[in-house]
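Peer 1: Compute the structure for the input listed below.
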Amino acid sequence: MKLSIQSLTKSYGDRDLFADFSLEIDSGTRLAVVGPNGTGKSTLLRILAGESAPDAGRVVTQRTARIGYVAQELAGEELERSLVAWVMEVLPSWGDLWREWDAATAAHDEAALRRLGAKQAELEQLYGYNPEHRAHAVLSGLGFTPEVHGNAVGSFSGGWRERAKLARVLVAGADVLLLDEPTNHLDLEAIEWLEQFLLDYPGVLVFAAHDRVFMNNVGTHVLFLGGTKPLFRKGAYDDFLAWQAEMDTQRAREEKRLEDELAKKMDFVRRFSAKATKARQSQAKKKQAQKLERQLDGYRPEKKRKTLAFSWPEPARSEKTVLSVVDLDFAYSGKRLWPPLSFNIYRGQRVALAGPNGSGKTTLLKLITGELDPASGRIDLGAKVDVAYYSQHQLEILDPARPTLAEIRRLSDPHTTEEELMSVLGLFLLGQEYFDRPVSALSGGEKSRLVLATLFLRRANFLVLDEPTNHLDLETRETLIGALERFPGTILVVAHDRWLLRRVAEQVWVVGTGGLTVHEDGWAGYDRARHAADAPEAPGAAGAGSGSGAGAADAGLRLDREAQKRLKRERAEERNKIYKELKPKQDAYAALEAELTELLDELGELEATLAKPETYADSALMSGLLQTYQRRKEASEELMERMEGLEKELRVLEQRRAALAGGE
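Peer 2: Numbers count the residues shown, from 1 in each chain. This is a model prediction of the structure:
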């Protein structure tokens with residue numbers, strides 16, 4: 001299966017999203033489409049899905065290719081269908097197949113049986129042996145408990161309906177799968193399930209996401225939109241960022257070299273253009289300078305889009321104990337969420353609350369911020385503690401009819417000056433052109449930035465945040481996470497954004513029916529414990545402690561001597577196999593490294609030659625040297641790319657070898 005983009009062009013007004021863009025995407029490619037908001041990610045997905053037409057060019061797939069794309073709006077009869085029936089509606093009727101089979105068997109119609117057998121094989125190839133089981137598995141993986149599979153689609157909230165639409169596309173199966181923000185509305189467990197599902201997906205996957213960890217785990221290639229032309233690179237998103245940074249460094253270095261060279265030539269022209277004896281040389285230098293200026297145009301960085309950049313203002317210092325909770329209890333409809341909780345949060349702590357859906361994370365935040373009253377127990381804030389609360393439903397507090405400037409004025413301290421309000425709106429990329437724009441006309445990301453701007457103005461020293469990265473694009477998420485890392489106050493956060501949890505949370509507290517479990521080593525410790533709990537039991541573990549005598553318990557937990565010998569042999573064989581793969585790759589890497597060293601030395605010599613005054617005087621020599629320099633430079637970049645690919649392969653093999661050594 002192949003998806004072919006041929007000379008695609010799409011513009012909005014006088015702005016080109018892509019112009020004459022072509023790309024071939026093969027099966028097994030998982031392409032992450034990235035770039036700032038407004039650069040055409042969703043537009044490209046709609047064009048690939050056939051939901052939108054390009055201005056020019058075309059998208060080509062096999063005629064029989066099945067395209068999977070979440071696009072439909074739910075309405076009328078669909079909302080009345082049961083969840084599982086609506087999801088399975090996309091599958092062919094197996095009941096019809098078996099009825100035809102029974103009739104053919106009764107009639108001893110061998111030709112019909114052969115035809116139906118072929119049809120059965122085809123359906124199993126497309127949808128699996130048991131499509132009903134597949135539908136239930138996908139729904140459960142996306143967080144729908146078996147008890148709600150029979151509920152009407154219309155009984156679910158908007159976020160859960162989005163999950164249902166994703167489930168329907170995944171159950172249907174596709175040769176080309178197109179996903180726009182698939183992790184929106186998913187909790188951590190559902191995101192990780194979706195990652196595994198997509199890692200096993202054999203077709204062409206093109207997706208846009210704002211979840212950095214998801215992009216790194218799933219993507220095999222990156223398509224960056226937002227520059228002068230789309231950039232396509234092999235590797236995960238972090239690999240792309242590293243490559244982009246290296247290219248920026250190289251471009252800046254080359255730009256500096258050309259600028260220095262240009263300055264020398266122009267200095268010669270200024271000094272000697274009036275002298276008759278130097279007139280010819282001066283004219284030649286002028287032409288060389290003009291040529292260098294044209295070269296420089298190719299190295300000057302593209303005009304940067306305006307991006308969000310801020311740090312939280314320095315808050316007032318609070319008491320050491322920011323929050324004290326004693327015997328806190330709460331129940332919904334008589335059902336207790338947890339046993340009475342007691343804990344303290346101290347100044348400067350950064351705590352993430354974790355736990356499955358329904359464990360009461362958001363409820364606990366609402367109790368702390370006073371939005372809910374406890375059934376019993378006490379919640380005390382320390383002296384000089386100022387709380388700022390960001391709810392995952394915070395956008396609902398905005399008045400859609402008000403202009404943006406009037407709305408931030410309504411939500412801010414009345415003593416805040418007009419100049420401060422306008423300045424902070426500008427800081428959050430909601431400058432003068434937004435002041436009179438009604439809130440209803442803002443995008444989801446712009447509304448989120450408006451709410452963040454109100455938090456900024458609070459100058460609070462205790463941030464209580466519930467899913468703060470929802471609705472934010474990748475660049476804004478990165479800025480917010482960086483600002484939270486630098487925030488000198490106290491943070492309590494609930495989030496499913498693993499990148500935020502890794503970088504901001506120093507501790508993870510798991511809340512649930514067992515009370516509070518504290519992971520002092522943050523996200524890493526919590527993630528390790530979570531996956532250890534999900535891992536299958538070790539051989540013999542079920543029998544541990546079930547026998548009598550001192551040796552019975554040990555027998556359930558240890559492999560016997562023969563099994564240990566067999567395991568050692570298997571590990572030795574695996575190590576040998578890894579070594580046979582590793583050695584030629586190490587040799588190849590060393591050879592490339594030596595070749596790159598030679599090329600870099602040659603580039604250094606060429607740079608020294610190009611800097612000599614006598615080289616400037618010989619335009620033919622200068623031209624030839626510049627062409628040679630460019631060829632050597634391109635060759636060095638190609639070598640670095642090949643070495644980067646080998647480094648990844650070597651890293652995987654080294655990790656496998658280390659894992660084997662660790663198991664000894």
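
Peer 1: OK, contacts around the closest residue in space to residue 26 that isn't next to it in sequence?
Peer 2: Excluding its sequence neighbours, the residue lying closest to residue 26 (CB to CB, 6 or more residues apart in numbering) is residue 2, at 5.5 Å. For the C-beta atoms, the positions are set from N, CA and C on the backbone; glycine is no exception. Neighbour list for residue 2: 24-27, 61-62, 204 [criterion: CB atoms under 8 Å, 6 or more residues apart in numbering].

Peer 1: Also residue 474?
Peer 2: 34, 210, 212 are the contacts of residue 474 under CB under 8 Å, 6+ apart.

Peer 1: would you list those residues in CSV and tack on distance to residue 322?
Peer 2: Output for the contacts of residue 474, formatted as CSV (distance: CB to CB, whole Å):
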residue, distance to residue 322
34, 38
210, 31
212, 29
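
Peer 1: Take those residues and write them to CSV, including pLDDT, secondary structure and distance to residue 115.
Peer 2: Shown next, in CSV, are these (pLDDT from 0 to 100; DSSP: H, G, I helix; E, B strand; the rest coil; distance: CB to CB, whole Å):
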residue, pLDDT, secondary structure, distance to residue 115
34, 93, strand, 47
210, 90, coil, 48
212, 92, helix, 50
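
Peer 1: Closest one of the residues you listed to residue 431?
Peer 2: The closest of the contacts of residue 474 to residue 431 turns out to be residue 210 (CB to CB; 22.9 Å).

Peer 1: Quick check: the gap between residue 202 and residue 121.
Peer 2: 18 Å (CB to CB, to the nearest Å).

Peer 1: Residue 362 too?
Peer 2: For residue 362, the distance to residue 121 (CB to CB) stands at 49 Å.

Peer 1: circling back to that earlier point, just the contacts of residue 474 now: which is nearest residue 45?
Peer 2: residue 34 (12.5 Å).

Peer 1: Would you mark the buried spots in the helix or strand hosting residue 48?
Peer 2: Under the criterion of DSSP states H and E, residue 48 resides in helix 41-49. Neighbour-count burial for helix 41-49 flags 41, 43-49 (criterion: 16 or more other CB atoms under 10 Å).

Peer 1: For it, C-alpha coordinates in CSV please.
Peer 2: The C-alpha coordinates for helix 41-49 follow below in CSV (Å, rounded to 0.1, in the frame of the first residue of the first chain):
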residue,chain,number,x,y,z
LYS,A,41,-1.9,20.2,9.5
SER,A,42,-5.7,19.5,9.7
THR,A,43,-6.2,20.8,6.2
LEU,A,44,-3.6,18.3,4.9
LEU,A,45,-5.4,15.4,6.7
ARG,A,46,-8.8,16.5,5.3
ILE,A,47,-7.3,16.6,1.8
LEU,A,48,-5.8,13.1,2.2
ALA,A,49,-9.1,11.8,3.5
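
Peer 1: now for that helix, which elements pack on it?
Peer 2: Applying 3 or more CB pairs under 8 Å, 6 or more residues apart in numbering; DSSP states H and E, one finds that helix 41-49 contacts strand 2-12, strand 15-26, strand 30-34, strand 67-69, strand 176-180, strand 204-208.

Peer 1: Just the buried positions in the next helix or strand after it, please.
Peer 2: Later in the chain than helix 41-49, the nearest helix or strand by DSSP H and E is strand 56-60. Buried residues in strand 56-60, counted by 16+ other CB under 10 Å: 57, 59.
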